[in-house]
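Peer 1: Please find the sequence and the predicted model below.
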Amino acid sequence: MEPLEPAVLDGLRKYNTPTIANAIEVFDVRPRNEGFMRPEIRCIFPSLGVMVGYAVTLKIQSISPPGKGAAVLPPTHWEDVMKVPAPRVIVVEDLDEPAGLGSLWGEVNANMHKAMGCVGAITNGSVRDLDEVEPLGFHFFAQHIAVSHAYVHIVEIGTPVRVGGLTVRPGDLMHADRHGVTNIPLDLAARIPEGVKTVDIMERQIINYSQSPDFTVEGLTALWTRLRP
């Protein structure tokens, strides 16, 4: 895949995730109830701000030991990670029922993957070693926090995964912060500022009127009807 210009990614980091979601709606390219993860995928380190990167996808299991000859990280894992342009975000589907018994993500994996140009991990499973990982500036978005890695091992690399109700494919552009995780269509990424401006013009009129000493319900109704017919 051809990565976006660095300036485009820098621009996306200026916006929070709700602003991104509103901007995407302007272009009417997908239903408004799609394109983002459900609230159970929580931001573990809100102080780290916005995360933007291209998805590297994995599937894991941890309830049972891997089969004979299998490894926690397959020998080709490093090469598979590097096939996706930086900045990279590892998106992990935990196949266990229930998910989250064993954590793939802790101090060691965070350090290794940060060295490979990864900026964070997103999973419906679990993460751990929070005190050690947060100072690295490595983002965690997860459904659970766990004690152990149990028998965690990778069972699939580079295929579509489903995390928090969102299907993520290798190379998808992910945007996440304290509000949650969304997917930005690659062909819209450079136009996000345009969408943000469109929404801001409309919302600013409503906010300014709501804060005005001349506010009336009748006036708000008229403004709302004009702006959102």
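Peer 2: Nice, thanks for sending it over.

Peer 1: How far does the longest helix seen in the chain sit from its chain's centre?
Peer 2: Using DSSP state H to assign secondary structure, the helix with the most residues in the chain is helix 192-210. Between the mean C-alpha location of helix 192-210 and the chain-wide mean there is a distance of 24 Å, by Cα atoms, centre = their mean, to the nearest Å.

Peer 1: for that helix, what is the average pLDDT?
Peer 2: With pLDDT averaged residue by residue, helix 192-210 scores 96.

Peer 1: gap between the two ends of stretch 204-224?
Peer 2: Terminal residues of stretch 204-224 are spaced 12 Å apart (Cα to Cα, to the nearest Å).

Peer 1: buried ones in it?
Peer 2: Going by neighbour count (16 or more other Cβ atoms under 10 Å), the buried part of stretch 204-224 is 209, 223. Using the backbone N, CA and C atoms, a C-beta is placed for each residue, glycine as well.

Peer 1: who touches that stretch?
Peer 2: Residues outside stretch 204-224 that contact it (Cβ atoms under 8 Å, 6 or more residues apart in numbering) are L227.

Peer 1: Next: stretch 26-33.
Peer 2: Surrounding stretch 26-33, the residues in contact under the criterion Cβ under 8 Å, 6+ apart are 24-25, 185, 188, 191, 194-195, 198-199.

Peer 1: The longest helix of the chain: what's the following helix or strand?
Peer 2: Proceeding C-terminally, helix 192-210 gives way to helix 217-227 as the next helix or strand, assigned by DSSP states H and E.

Peer 1: relative orientation of that following helix and helix 192-210 in degrees?
Peer 2: In this structure, helix 217-227 runs at an angle of 160 degrees to helix 192-210, with axes from the mean of the first three to the mean of the last three Cα atoms, to 10 degrees as the basis.

Peer 1: what mean pLDDT does helix 217-227 have?
Peer 2: Predicted confidence along helix 217-227 averages 94 (mean pLDDT).

Peer 1: Great, nothing more from me.
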